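>>> the following block contains a protein sequence and its predicted model.
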Amino acid sequence: MKTLKWLMVGAITLSLTACASYYPVAVDVKPTVDASGGVYRGQAISLTSQDNRNNDYIIQIEQNNKAPVVVGASNNLKIQMEQALAQGFSDQGAVIEQGANTQIQLEIQEVLARVIRGHISYDVVQKLRMQLVLKRDGRTFTKQYRRSAQAEFPGRLHPELDKVSAAIDEQLTLMVKDMLADRDIQQFIGAQ
């Protein structure tokens, strides 16, 4: 009787992990930078980042009557966003310098793509929330950024995670673009 019980537990565990094992544990995400030059004239800024998300996954796959499957980022999202911002500020003419008088901190608060299974397709609902905190000479300026998007992709069996990660990349890229184009940020940095 004990052997049968252990066999049943093993079979149930194997069937649950078989569903989850179809998906990778992590996907690669990488925002790109498209910043125009000539915004700054050599102003020095320091740039740091924090990942304040409640969860470390970026994709949550939801299917009827099944536990959600979560997928993380294979590369460090915080470092990817910090590098993209640093590249953008440099392209705009700022000088990234540790210990600079103007300090910028990127805080990642939410990056999540919910993949919701339909009958012949699946919806990808994305939410991104970040903020920049700028400090100089005892002054602090905080700016919140939010992006949301929804897309529908065809697929009968399993969502194609390369399309989902490409959609996340697009939103991360747009988030970086929003930050770099923000006139309030440009004014704070430029008023040195």
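On my side now, so go ahead. Numbers count the residues shown, from 1 in each chain.
>>> who's in contact with residue 172?
Contact analysis of residue 172 by Cβ atoms under 8 Å, 6 or more residues apart in numbering lists 29, 31, 80, 81, 84, 111, 128. No exception for glycine: its C-beta is placed from N, CA and C like everyone else's.
>>> just give me the residue closest to the centre of this protein.
Taking Cα atoms, centre = their mean, the centroid of the chain lies closest to residue 111, which sits 4.2 Å from it.
>>> distance check, that residue against residue 183.
Counting by Cβ to Cβ, to the nearest Å, the separation of residue 111 from residue 183 is 25 Å.
>>> chain center to stretch 171-188, what's the gap?
15 Å (Cα atoms, centre = their mean, to the nearest Å).
>>> residues of that stretch that come out buried?
171-180, 185-186, 188 (16 or more other Cβ atoms under 10 Å).
>>> pLDDT, secondary structure and distance to residue 54 added to these, as CSV?
Shown next, in CSV, are those (pLDDT from 0 to 100; DSSP: H, G, I helix; E, B strand; the rest coil; distance: Cβ to Cβ, whole Å):
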residue, pLDDT, secondary structure, distance to residue 54
171, 96, helix, 18
172, 96, helix, 18
173, 96, helix, 23
174, 96, helix, 23
175, 96, helix, 18
176, 96, helix, 22
177, 95, helix, 25
178, 95, helix, 23
179, 96, helix, 22
180, 95, helix, 27
185, 96, helix, 26
186, 94, helix, 31
188, 95, helix, 29
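>>> which of those residues sits closest to residue 68?
Nearest to residue 68 among the buried residues of stretch 171-188: residue 171, at 20.2 Å, using Cβ to Cβ.
>>> now the end-to-end length of stretch 150-158.
Taking Cα to Cα, to the nearest Å, the first and last residues of stretch 150-158 lie 18 Å apart.
>>> quick one: mean pLDDT for it?
Averaging pLDDT along stretch 150-158 gives 80.
>>> list of residues touching that stretch?
22-23, 118, 120-126, 159-160, 163-164, 167.
>>> show me these that map onto strands.
In strands, judged by DSSP state E, the following of these are found: 121, 122, 123, 124, 125, 126.
>>> for PyMOL, write the select line for the buried members of the residues you listed.
One line in PyMOL is enough to select the buried members of the ones in strands among the contacts of stretch 150-158, burial here meaning 16+ other Cβ under 10 Å:
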select buried, resi 122+124+126
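>>> in a markdown table, list the ones in strands among the contacts of stretch 150-158 along with distance to residue 137.
Output for the ones in strands among the contacts of stretch 150-158, formatted as a markdown table (distance: Cβ to Cβ, whole Å):
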| residue | distance to residue 137 |
| --- | --- |
| 121 | 53 |
| 122 | 50 |
| 123 | 47 |
| 124 | 43 |
| 125 | 42 |
| 126 | 37 |
